[in-house]
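> A structural model of the following input is requested.
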Amino acid sequence: MAQIHTVCGLVAPEALGRTLMHEHLLCDLYRVTGSLDHLLNDEALACDELAELTSAGGNALVECTTLDLGRDPEGLRRISERTGVHIIMGAGWYRQPYYPPEIDRTATDELAAVLTKELIEGVGGSGICAGIIGEIGTDLDYASAQEERVLRAAARAQKATGAPLTTHASMYPVGLTQLRILEDEGVDPERVIIGHCDTYLDLDYHLSILDAGAYVQFDTVGRNHMNPDDRRAEALVELLQRGWSDRLLLSSDRCFRSDLSAFGGVGYGYVFTRFLGRLRSLGVAAADIEVLTVANPRRVLAW
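Residues are numbered from 1 along each chain as shown. Predicted structure coming up:
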């Protein structure tokens, strides 16, 4: 029977609850960007911040930090145990500026085997299993040779396990390139989530992804420097009105210190408070909100 694979073990889909589909709790972008704002390494702070998520009715989140971004399985498990929030951990490599040398030195099938083992047996000797592949990214508006290799490895691990696969496709319509590579490897598009679609608000782009069978994820909610939430909400409503409620997902991609409430940011509760309020004001029904935040995550995350 398909179940949700969390850092604390298997969870029945019906127990998952309201879910953020693309977040970071412990993440180190600082080593590449040089900005201390881009370092999340405080477990106690993460626990405090998640109180806003649970207060807003949130029960779970997908933690998309990859190997090359300082993923910390044991830390995520401790946070989950302390807060009661279900955490689904990612597996893979982010995008080319962050890749370790091993990406160029390891066969694609060997990279796929690493991912498959983390999904089925756990990371190292921890027994903590990843529950999703990703976020697997492309840095610009094309897939570099290295990025294509990682996408193909991710695709092979997806086929071997049935796990969902989530991507980083920011500011360009590069999600279609990602999808073509994944489909070339035989991945079922219904197991693919194209991330950051709300950073490129083009209706034809979104419809092309949906027509292919994949999920469109609006996961930078609250990042008004990428797109104002007014535009983000209007684009989402358009897709809902066209009948695509069962292929849309929401999140906010908290990955900077300045994203957190402690540093003046909107925090992890924002999607379920202010953004859902904005959708309601635009006429989105409670049933559609339930589909976006509960039914769709439950379906795609179960394997």
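
> The host helix or strand of M21 packs against which elements?
Here M21, judged by DSSP states H and E, is contained in strand 19-23. With contacts defined as 3 or more CB pairs under 8 Å, 6 or more residues apart in numbering; DSSP states H and E, strand 19-23 has these neighbours: strand 60-63, strand 248-250, helix 296-301. Just so you know, the C-beta spots here come from the backbone N, C-alpha and C atoms, and that holds for glycine as well.

> Quick one: closest of those to R242.
Nearest of the helices and strands packed on strand 19-23 to R242, taken as CB to CB: strand 248-250 at 10.5 Å.

> what's next to the next helix or strand after that closest one, contact-wise?
Sequence order places helix 276-281 as the next helix or strand after strand 248-250, per DSSP H and E. With CB atoms under 8 Å, 6 or more residues apart in numbering as the test, helix 276-281 has contacts from 229-230, 233, 236-237, 286, 289, 293.

> Looking at these, which two lie furthest apart in space?
Farthest pair in those (CB to CB) is D230 and A286. Separation: 21.3 Å.

> Can you name the residues in contact with the helix or strand harbouring L45?
Assigned by DSSP H and E, L45 belongs to helix 43-55. With contact meaning CB under 8 Å, 6+ apart, helix 43-55 is reached by 20, 25-26, 40, 61, 75, 78-79, 82-85, 254, 260-262, 267-269, 272.

> how about the CA coordinates for that helix, as PDB?
Presented in PDB, the C-alpha positions along helix 43-55 are these (Å, rounded to 0.1, in the frame of the first residue of the first chain):
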ATOM      1  CA  GLU A  43      17.500  23.400  14.900                       C
ATOM      2  CA  ALA A  44      16.000  25.300  17.900                       C
ATOM      3  CA  LEU A  45      15.100  28.200  15.700                       C
ATOM      4  CA  ALA A  46      13.500  25.900  13.100                       C
ATOM      5  CA  CYS A  47      11.400  24.400  15.800                       C
ATOM      6  CA  ASP A  48      10.300  27.800  17.000                       C
ATOM      7  CA  GLU A  49       9.400  28.900  13.500                       C
ATOM      8  CA  LEU A  50       7.300  25.800  12.800                       C
ATOM      9  CA  ALA A  51       5.000  26.800  15.600                       C
ATOM     10  CA  GLU A  52       3.500  29.400  13.200                       C
ATOM     11  CA  LEU A  53       2.900  26.600  10.700                       C
ATOM     12  CA  THR A  54       1.100  24.400  13.100                       C
ATOM     13  CA  SER A  55      -0.900  27.400  14.400                       C
END
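
> relative to strand 19-23, how tilted is it?
140 degrees (axes from the mean of the first three to the mean of the last three CA atoms, to 10 degrees).

> which residue ranges form the strands in this structure?
All strands of the chain, identified by DSSP state E, fall at 4-6, 9-11, 19-23, 27-28, 39-40, 60-63, 86-91, 132-137, 165-168, 192-194, 215-218, 248-250.

> buried ones in the second one?
Think strand 9-11. By neighbour count with 16 or more other CB atoms under 10 Å, strand 9-11 contains the buried residues V11.

> quick one: average pLDDT of that strand?
Taken as a whole, strand 9-11 has a mean pLDDT of 98.

> so what strands line up beside it?
Applying DSSP bridges to the sheet, strand 9-11 is found paired with strand 4-6 (antiparallel).
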